[in-house]
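Colleague: let's see this in three dimensions:
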Amino acid sequence: MNCQTLIEKFVNDRDETVVNQLGQLLITKELTLVDFIVDIGDYLQSTELSKRSTALTLIGNILNHLPNTFLQSNEIHHLLVFIGAKMGDHHILAQPAVDLFRILAKQSTINDEDCVIMMKSIFSDVYVQSFPQASRYNVFVILLHFLLYRLDAVQQLGSDFVCNFIQAMDGERDPRNLVLCFQCLQYMTKYLDIEPYKEELFEVVACYFPMEYKPKATNSETEETITHEQLVLSLRNVLTSNEKFAQYCIPMLIEKLESDIPTARLAAMDVFIHCIEEYNARDITSYLVPLWNLFSKQALCAENQEIETSALRAITSLMQLIGKSIQNDETEISTKKFVDRSIRECENFLKELDLKLVWPATKVLHAVARANTTCSSLIWSSILPLLMKQFENLEQINHKRTILDMIIYFLQLPNIRTTIKLPSGIPEELWILISTHFQTYPSHCLSLIHNLLQLHAVPSQVLEDDLTKFILQDNIADELKIKLSAVLRMLASSVSFDRICTNILTNLIQSWTVTKTAPTNETLECCIDLCHNSERCQERLERFFFPSAQFIRLLPSLFKYLSPIYILTNLFTSLFDLLLTLIDHDQYAKIFCSKCASVANESCKTFVENFYQSNLFNDSIWQTDKQMNLLVIMYFIGSLKRQFFQNELEIIFNRINKKLLEQILNHSSNEIINIYCYFFGNLINKLSSKNEIIEQAQTIIKQCETSLDQVHIHLWIILVKALILSRPTMIEQYISTLILWMNEKTPIGDLACQSLKVLTNFDEQSLLLSSQTDCIIHPMVKQIIFMNILSKMKPFLTNNDLLPNQMNVLVDLLDNIPKSIIQNEIISLLPILIRALTLSNETVWSSSLNSICNLIKSEPNTIIDHIDTILPRLTALSTYKKDMSIRITSLQCLKYITSLPIHKLQPYRRHVIHVLKTCVDDHKRLVRRQAVDTQMSWCLLNA
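Modeller: Numbers count the residues shown, from 1 in each chain. Modelled structure (predicted):
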């Protein structure tokens, strides 16, 4: 089929396949662009307007099909001249011509002269706002593309581009186009001379402020939706992009700030907060005081938290704007004058502690102080002495606490702590206040100490004694422990406070050495806090090294300051005997062994090698009296990182696997057997990249299948789990066997059900077989395991042949798997979940209810067929006395059910409301709250 025929087919039938065919002919050089234009010439010059428009559309579609490097520069030039002439023929042809322009604009070979020709043609021949949305969008895409990638060409037009763009944009209302327009304006204000048209440019933008737009719901998932936040951000970026807008923007903001509409005030403050980077105070000198008055009014009399927060940020921004300008006390551009103004307006409020304005006034002054170091120094110099004097003169404890809260609040300046210092004399007065009132107001004093240390205020010597006495007292509240720990770590972190840390540590050590008693847990914890320093940690730690269970619990927090080899040789080795007494019952001892091994690296290879050769390879270690030693070794070896010790782990496995298997099969303690099994699984998991290890593991698994007792089944499931954590697809080899065991109506069936729970438990309670010990965990393991188990159990679900134990396992499985994974299967499992609620096993009720609740909430219609079964059970569980969470979840389910059709619920309405009357009087507040909410939903069914 020749070119002429294809063109005729498109013009007459609008056959879109023609575009691909002609595009392919041009790409393969079977057709030249000149020949194509000649062939389509009759249609371009046709007396019928529709044919000329269709011909232009065909050219655009074909060029869009071609790569952006296809056209030569001279071809682009001729096409531009030709299209520009066609745009003058008739306004109908302007739309396909603009589409063609958009395609040509993105050709890599277009030069600046042709870009200028295209822009002039658009500005002179196109009345943009008369176009439909899609064509207007194309115009703005072209202009934005030139601003981004052809700025030199745009700059040739200079201010003419600005003028014409204003005309093109004026009246635009479509949000998709507005986003493009605002992006264009940002580049224009930055790179073009807007001086001649700055007021017009501002006015064309200001009409959209504040932005009021609600996105419309789209039927198509592919259709782009512009959000309100996108428009607000784009508009704000334009208004704050150039200081030349200041003289127009600030009066507009003042007008909005005086409005009664909260959203308008919020929008105005948001724009002002972001304009200080570009605006200069000298351009808005006459507006500084009105702005201050409006912002302070909003902060002092805010209707809600959002307005207060924005007003305080605006005050800080105003002070920053003034602070970055050249100071002139004869004008309003003076930081000192505005700080004095803020103090005059707020000072009286600070003295009236019973009035509601005391805290708003405090926040206003604090917002001023946050602006810069000058503001903070001036505020502190005036306000802190006033508050301290007021504190000494007050008698009521509540008022004194309020003053302390205010002082603490004023000293919180997170943005400028690193460069600012308190004015002379104030730190000394504050330290005296702390020392005098530490015992009376410990919580406030600790917060105050923390803030002063952050501001590098040198503490007085009395602080050492105060902190020591406080640490050594009994029964420190948990809240105070947290604050005390923060203070001690702050002291420990800085070299400036080294003397204080040393003295406090000395005092604490003497407290238990002189009395010859063991240090309390609180004292040890404080000693550990004083070691949080990368340079002094080891030195301080060695001074008070005191082996105890508490010491072992706290020590891992210091590992980041210590070298790995020091941790192993000086800490792990020294505490080994203590670990032996704790390892079988203390979780922190197990974690300590694991943490010590996890920090080991290349520098520790000699220690690790000596450790396992002298201990694990010693035959005596497998004797009964060495059982605790073996546990410590297992938790240590099991946590070594594969990155550094892969070869060592393989040596260990090959050397001990037979002895370990013997211990597992012959030991009398189930708890010890469990640890041995998990250690065995740990080694297999970490070495699962080696086929010979996999083969050995599979051999042991097959041996277990021939002796079905508790130990063999438990070992079987641990080894299977170790393999599938790293290779989830291997579950297909073993799940059938497990399901077969589960169907046994013997103790084996119960053991198999318990084993499936072990297999699907991903909460990492087992330390030795988890990511914490560097085991290999496949990212999709949960999904793969769930889908395989479900596929094998579906026949039993369909035939309703599940045994009670199997049902328990399935419900637990659903509770362990993320909801996103089971979303597609939950509907088919609904009958099982409802049956689980009728079982006597109360442990599965909570899991079943959670799954049912999520299903009812997301897809309530799925339970219509089961309403006769589920409603009576939910009403019964809503009064279940033993578990509050079951009552609450049942009530939530009853509430979500009310979204079903009324005729389905009407038969049960009276009974449910009667039961809810009992729930409303429940002795637990959370249950009563949910019961009231549910009762209201049921009572309003007929409304």
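
Colleague: quick one: residue 752 and residue 738 touch, right?
Modeller: Yes - Residue 752 sits in contact with residue 738 when judged by Cβ atoms under 8 Å, with a separation of 5.8 Å. No exception for glycine: its C-beta is placed from N, CA and C like everyone else's.

Colleague: more crowded one of the two?
Modeller: Shown here are residue 752 and residue 738; by other Cβ atoms under 10 Å, residue 752 has more neighbours (25 against 20).

Colleague: which residues touch that one?
Modeller: Residue 752 is in contact with 713, 738, 741-742, 744, counting by Cβ atoms under 8 Å, 6 or more residues apart in numbering.

Colleague: swap the cut-off to 7 Å and go again
Modeller: Contacts for residue 752 (Cβ atoms under 7 Å, 6 or more residues apart in numbering) come out as 713, 738, 741-742.

Colleague: so which of these comes closest to residue 82?
Modeller: Closest to residue 82 out of the contacts of residue 752 is residue 738 (75.4 Å), distances taken as Cβ to Cβ.

Colleague: low-confidence regions, the stretch 101-250 of the chain specifically.
Modeller: For the stretch 101-250 of the chain, the stretches with pLDDT under 70 are 217-224.

Colleague: just the strands from it, written as ranges.
Modeller: Assignment of strands within the stretch 101-250 of the chain using DSSP state E, counting those that start in this stretch yields no ranges at all.

Colleague: quick one, helices of it?
Modeller: Counting by DSSP state H, counting those that start in this stretch, the segments of the stretch 101-250 of the chain that form helices are 112-125, 133-149, 151-157, 159-169, 175-191, 198-206, 228-239, 246-257.

Colleague: and the shortest one, what's buried?
Modeller: Spelled out, that is helix 151-157. Neighbour-count burial for helix 151-157, with 16 or more other Cβ atoms under 10 Å as criterion, is recorded at 153-154, 157.

Colleague: just stretch 156-171 next, same as before
Modeller: Buried positions in stretch 156-171, judged by neighbour count with 16+ other Cβ under 10 Å: 157, 161-166, 168-169.

Colleague: could you do stretch 645-665 as well?
Modeller: Along stretch 645-665, these residues count as buried under the neighbour rule (16+ other Cβ under 10 Å): 645, 648-650, 652-653, 656-657, 660-661, 663-665.

Colleague: with stretch 691-709 instead?
Modeller: Buried, per 16+ other Cβ under 10 Å, within stretch 691-709: 693-694, 696-698, 700-701, 704, 708.

Colleague: just checking, which helix or strand of this structure averages the lowest pLDDT?
Modeller: helix 819-822 (a mean of 61; mean pLDDT, DSSP states H and E).

Colleague: where does pLDDT dip in the stretch 601-750 of the chain?
Modeller: Counting by pLDDT under 70, the stretch 601-750 of the chain contains no low-confidence segment.

Colleague: quick check, pLDDT for the nearest residue to residue 457 once chain neighbours are set aside.
Modeller: By the measure of Cβ to Cβ, 6 or more residues apart in numbering, the closest residue to residue 457 outside its immediate chain neighbours is residue 427, 4.0 Å from it. In the prediction, the pLDDT value recorded for residue 427 is 90.

Colleague: what of residue 482?
Modeller: Model confidence at residue 482 (pLDDT) stands at 92.

Colleague: phi first, then psi, for it.
Modeller: In this entry, residue 482 is assigned phi and psi values of phi -60, psi -50 (degrees, to the nearest 10).

Colleague: same question, the one 3 residues further on
Modeller: Its backbone dihedrals place residue 485 at phi -60, psi -40, with angles given as degrees, to the nearest 10.

Colleague: and it, how far is that from residue 528?
Modeller: As defined by Cβ to Cβ, to the nearest Å, residue 485 lies at a distance of 9 Å from residue 528.

Colleague: ok, and what's touching the helix or strand where residue 937 lies?
Modeller: Using DSSP states H and E, the secondary-structure element containing residue 937 is helix 925-939. Residues from elsewhere that reach helix 925-939 (Cβ under 7 Å, 6+ apart): 884, 887-888, 891-892, 894-895, 898, 909, 912-913, 916, 919-920, 922.
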